[in-house]
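Student: 3D model of this:
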Amino acid sequence: MTTPTMAIKKTPKSTSTVQRARSRVLRSPLFGSTTALILAVIIFTVISPRFIAPGNISLILQQSVVIGILAVAQTLIILTAGIDLSIGAIAVMGTIVMAQVAGAHGPIVAMALTLVVCVVLGTLNGVLVTLLRLPPFIVTLGTFTAIAAATRLLAGSETFQVDGALMTFLGNTVSIGSFRTTYGVIAMFVVYIVCGFALTQTAWGRHVYAVGGNPAAATLSGVKTNRTILSVYVISGIIAMIAAWAALGRIPNADPNAYQNANLETITAVVIGGTSLFGGRGGVLGTLIGTLIVGVLRNGLTLAGVDSLYQNIATGVLVIVAVAVDQFLRGRTSR
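Tutor: Below is the predicted model:
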């Protein structure tokens with residue numbers, strides 16, 4: 001007599017467990033972006049069988065390298081509830097410095113000086129945000145304008161040809177089985193792996209999430225809030241230097257007018273990847289998926305013969321949808 005009763009009592013518990021698990025999956029920042037990526041791949045493969053060819057997949061990855069690397073830095077900053085509108089301008093200045101100094105003093109000195117310049121500019125953003133307590137949007141909008149103008153002055157509005165094996169190394173191809181890609185793509189994945197590990201497996205990463213989720217509570221818990229935010233901007237400078245190196249590997253010309261929309265494209269990748277603009281929620285894995293979604297969308301629409309202006313419209317709609325979903329999920333979790 002007790003066995004059926006016990007079975008009946010266990011059933012609701014089992015059902016509720018399944019429902020909770022399903023709810024967690026549906027609320028995961030990665031669920032929507034991963035689903036969107038899979039659907040996009042399936043749709044474009046049906047439209048054009050060339051889409052799934054190994055050569056085209058490699059092309060998508062190569063086209064995503066620079067924005068993909070910069071998007072990691074943007075993710076770190078957005079996780080602290082900040083934003084960086086100058087990240088692309090810092091990388092472009094890095095390409096100009098690297099190209100000019102390499103011709104006069106060699107590649108090693110050029111890369112070292114470029115690293116210093118990018119870190120100083122990233123640190124400047126961090127100092128203005130933390131010490132002067134200025135809004136990150138206003139700070140980085142101002143530094144974006146100043147850095148972009150300074151880059152054009154430094155370059156004299158000229159484009160510099162880059163020579164040398166080290167300068168263009170990340171543009172060299174490498175075979176992984178029958179799949180060919182570039183060292184720049186490998187470098188991008190290394191940046192994601194390192195930063196992903198730091199965010200999920202270190203105390204620093206926990207502090208980043210804490211500062212973005214609830215800075216007051218983080219401070220009461222002993223987290224050095226300003227130090228954590230400053231460190232994120234410093235690391236963004238290091239990542240910008242890597243992106244500059246990758247940009248010269250992809251196209252061996254340092255152009256002061258290149259990547260003018262990089263700041264918006266990185267934000268697009270981060271938001272589509274499920275990282276909340278309000279901070280404390282998301283991660284670099286989602287950003288990688290968001291970067292691939294943008295790359296797949298543009299490549300697939302190009303193969304389908306869709307005008308680039310319509311591609312921009314589609315990307316903009318994706319961003320709005322991603323932010324709306326984030327708002328919805330925040331509302332559901334706060335109840």
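
Student: report the buried residues of stretch 243-259.
Tutor: Across stretch 243-259, burial judged by 16 or more other C-beta atoms under 10 Å covers 243-250, 252, 254-256, 258-259. Using the backbone N, CA and C atoms, a C-beta is placed for each residue, glycine as well.

Student: and for stretch 122-141?
Tutor: Using 16+ other C-beta under 10 Å as the test for burial, stretch 122-141 gives 122-130, 136, 139-141.

Student: pick the one among these closest to residue 267.
Tutor: Closest to residue 267 out of the buried residues of stretch 122-141 is residue 140 (11.1 Å), distances taken as C-beta to C-beta.

Student: spit out the contact partners of the closest one.
Tutor: Counting by C-beta atoms under 8 Å, 6 or more residues apart in numbering, residue 140 makes contact with 83, 84, 85, 86, 87, 125.

Student: quick check: the first one touching residue 139?
Tutor: Meaning residue 83. No. Applying C-beta atoms under 8 Å, one finds residue 83 not in contact with residue 139, separated by 9.5 Å.

Student: so which of the buried residues of stretch 243-259 belong to strands?
Tutor: Within the buried residues of stretch 243-259, residues falling in strands by DSSP state E are residue 254.

Student: can you put the buried residues of stretch 243-259 in a markdown table and add distance to residue 325 and pLDDT?
Tutor: What follows is the buried residues of stretch 243-259, written out as a markdown table (distance: C-beta to C-beta, whole Å; pLDDT from 0 to 100):
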| residue | distance to residue 325 | pLDDT |
| --- | --- | --- |
| 243 | 28 | 97 |
| 244 | 33 | 96 |
| 245 | 35 | 96 |
| 246 | 30 | 96 |
| 247 | 32 | 96 |
| 248 | 37 | 95 |
| 249 | 35 | 93 |
| 250 | 32 | 92 |
| 252 | 40 | 91 |
| 254 | 39 | 93 |
| 255 | 36 | 93 |
| 256 | 37 | 93 |
| 258 | 32 | 92 |
| 259 | 28 | 92 |
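
Student: of the contacts of residue 140 - the most surrounded one?
Tutor: In terms of neighbour count, residue 87 stands highest of these at 34 neighbours, by other C-beta atoms under 10 Å.

Student: against residue 35, how distant is that residue?
Tutor: To residue 35, residue 87 is 28 Å away according to C-beta to C-beta, to the nearest Å.

Student: swap in residue 158?
Tutor: Distance from residue 158 to residue 35, counting by C-beta to C-beta: 46 Å.

Student: one more: residue 118?
Tutor: 36 Å.

Student: between those two, which is the more surrounded one?
Tutor: The residue with more neighbours, out of residue 118 and residue 35, is residue 118; 27 against 11, by other C-beta under 10 Å.

Student: can you tell me how far the more buried one is from residue 146?
Tutor: Counting by C-beta to C-beta, the gap from residue 118 to residue 146 is 15 Å.

Student: which strand or helix spans the spatially most central residue of the chain?
Tutor: In the chain, the C-alpha nearest the mean C-alpha coordinate belongs to residue 71, at 1.7 Å (C-alpha atoms, centre = their mean). The secondary structure element spanning residue 71 is helix 54-79 (assigned by DSSP states H and E).

Student: the helix or strand that contains residue 46 to helix 54-79, inter-axis angle?
Tutor: Following DSSP H and E, one finds residue 46 within helix 29-47. Interaxial angle, helix 29-47 versus helix 54-79 (axes from the mean of the first three to the mean of the last three C-alpha atoms, to 10 degrees): 160 degrees.

Student: list the contacts of helix 29-47.
Tutor: Residues outside helix 29-47 that contact it (C-beta under 8 Å, 6+ apart) are 25, 51-52, 272-276, 281-283, 285-286, 289-290, 292-293, 296-297, 299-300, 303-304, 318, 322, 325.

Student: who touches the closest residue to residue 100 other than its chain neighbours in this structure?
Tutor: Distance criterion C-beta to C-beta, 6 or more residues apart in numbering; nearest residue to residue 100, sequence neighbours excluded, is residue 160 at 6.3 Å. By C-beta under 8 Å, 6+ apart, the contact list for residue 160 reads 96, 99, 100, 103, 253, 254.

Student: for the residue lying closest to residue 95 once chain neighbours are set aside, give its distance to residue 149.
Tutor: Ranked by C-beta to C-beta, 6+ apart and with sequence neighbours excluded, the top spatial neighbour of residue 95 is residue 254, at 4.2 Å. Note on residue 254: its distance to residue 149, by C-beta to C-beta, is 17 Å.
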